[in-house]
Structures are given as structure tokens and as C-alpha cells.
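S.K.: Sequence isn't available, so here's the structure alone:
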């Protein structure tokens, strides 16, 4: 019987997390997506996420098969290029989300999204926001399947155009 877990990342997880992210970068390149083709997310960023307690790993049988950062705020979300957020107030942000290629299609991403919802509800936060590249069809599909609505377009770092999604809880 396979067991799944969603845990806060530890410093010793960095190499396994970077393997997952490198695998995701290759996958996105095959999709002709510009996302993560500039070296991001960098190891230093993930180390900082871990230090801040904001990076989580998805495990299958105690092996890291995915991960994501969960943040309380994203400055680039203050102003949407197109559209409008569904609600004001506190929200959680999902960034740097990746599932190892051999684990895609096994419900890992949906499992992780559900865990973030549980986290938000425990903190009385009623919205989760996330963005992705328009060519990242697998991510778009998993978001829509899990009740996220595409609400507009955000500009990350003043030049990366991304589709913006939000889920009200």
C-alpha cells in the first residue's frame, strides 16, 4: 500500500527538491513554455523558502516526489494586468509547484492542493491564489479540476505574463 505525505521541507531535502525542479524545467521546455527556462527557481530561493518554513514536500512511500512554496503574500498580485481577484482580504499563494514526471497523473498535485486548502482553513484564510504560464496546460488543468477559477493575468517581476487563478474556500 502506497502512502502519501505532505510535510514541511527540511534542510536535508534540498537535493531531492532540486531534482524535482530540474525535472519540471525539462518538462516545461518540452512544452515550449518559457516558464522556469531562465534558471528559476534557484537553489538559493528554495533554501530560503525552507529556512522560512514556507516550502512543503509531497512524499510517496517516504520519497520526495514533489514540492511547493506556500506564502502569505505576493507583491506582484497587488495589481492585475487583466481581471480582478474574487475577494479581498488575506490569501495564501502557491509558488514553485512541481511534481516529478514519473508521478504525474497519480493525483499528487490534487493531494497537495487539498493540503494547502486545509492549511488555509486552519488559519481562517478564505482564498488561495496561484499563477502559471499559459502553455503550462497540466498545471492549468489541475487547477481547474480542483475548483480554481482563471480570473485574469498578472505580471511577475514587471515582465513575466502569467495566468492568475484563485479559489475561494
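M.R.: Ah, there it is. For clarity, every value in this text was computed on a predicted model and none was experimentally measured.

S.K.: Reduced to three states, what does residue 87 come out as?
M.R.: Following DSSP: H, G, I helix; E, B strand; the rest coil, residue 87 is assigned to coil.

S.K.: what number of residues lie near it?
M.R.: Residue 87 has 11 neighbours, counted by other CB atoms under 10 Å. Using the backbone N, CA and C atoms, a C-beta is placed for each residue, glycine as well.

S.K.: What is the worst-scoring helix or strand of the chain on mean pLDDT packed up against?
M.R.: When each helix and strand of the chain is scored by mean pLDDT, DSSP states H and E, helix 14-30 comes last, with a mean of 91. Contact here means 3 or more CB pairs under 8 Å, 6 or more residues apart in numbering; DSSP states H and E; on that basis helix 14-30 packs against helix 43-52, strand 55-60, strand 63-71, strand 92-99.

S.K.: at 10 Å instead, please
M.R.: In terms of contacts (3 or more CB pairs under 10 Å, 6 or more residues apart in numbering; DSSP states H and E), helix 14-30 is packed against helix 43-52, strand 55-60, strand 63-71, strand 92-99, helix 137-145.

S.K.: So which of those is nearest residue 30?
M.R.: Nearest of the helices and strands packed on helix 14-30 to residue 30, taken as CB to CB: helix 137-145 at 11.3 Å.

S.K.: Touching that closest one from outside, list them.
M.R.: 24, 27-28, 31, 33, 35, 94, 97-99, 104-105, 107-110, 112-113, 128, 130-134, 136, 148-150, 163, 165-167 (CB atoms under 10 Å, 6 or more residues apart in numbering).

S.K.: Recalculate using a threshold of 6 Å.
M.R.: For helix 137-145, contacts defined as CB atoms under 6 Å, 6 or more residues apart in numbering pick out 109, 132, 165.

S.K.: what's the closest non-adjacent residue to the residue nearest to the spatial centre of the chain?
M.R.: Centroid check for the chain by CA atoms, centre = their mean gives residue 97 as the closest residue, at 3.1 Å. Leaving aside its sequence neighbours, residue 97 sits nearest to residue 68 (CB to CB, 6 or more residues apart in numbering; 3.9 Å).

S.K.: How about residue 103?
M.R.: residue 65 (4.3 Å).
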